[in-house]
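Undergrad: Let's see this in three dimensions:
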Amino acid sequence: SLTAVAGALPLVISSGAGSETRFVVGIVIISGVIVATFFTLFVVPVAYTLLAKNTGSPNDVSKNLDQEIAHFNAVDD
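TA: Prediction:
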């Protein structure tokens, strides 16, 4: 991310013919990289944590079933 932002800085600080167009392109690149980095580092992990809060491991159903069978067999004895 830092490399992409650093690579777009010359577009923002350039002068001369066509500098207005390069400035706009540089701003779009820099803001896009910053927003994408923010989403990748903060928004996606928080969303994953909120969505995965009530889920269990793949073996969770099997463990619960084994516990219920063991409890049922203990009650029968």
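Undergrad: And the residue nearest the centre of the chain, how close does it get to Pro10?
TA: Nearest to the mean C-alpha position of the chain, by CA atoms, centre = their mean, lies Val44 at 3.0 Å. Going from Val44 to Pro10 by CB to CB, to the nearest Å gives 30 Å. The way it works is simple: take the backbone N, C-alpha and C, and place the C-beta from them, glycine included.
Undergrad: how about Ser15, what does it touch?
TA: The contact partners of Ser15, taken as CB atoms under 8 Å, 6 or more residues apart in numbering, number zero.
Undergrad: try the one 3 residues further on
TA: Listed by CB under 8 Å, 6+ apart, the contact set of Gly18 is empty.
Undergrad: Offset the numbering so it begins at 549, please.
TA: In the new numbering, first residue 549, that becomes Gly566.
Undergrad: Would you mind stating the distance between it and Val573?
TA: Taken as CB to CB, the span from Gly566 to Val573 is 10 Å.
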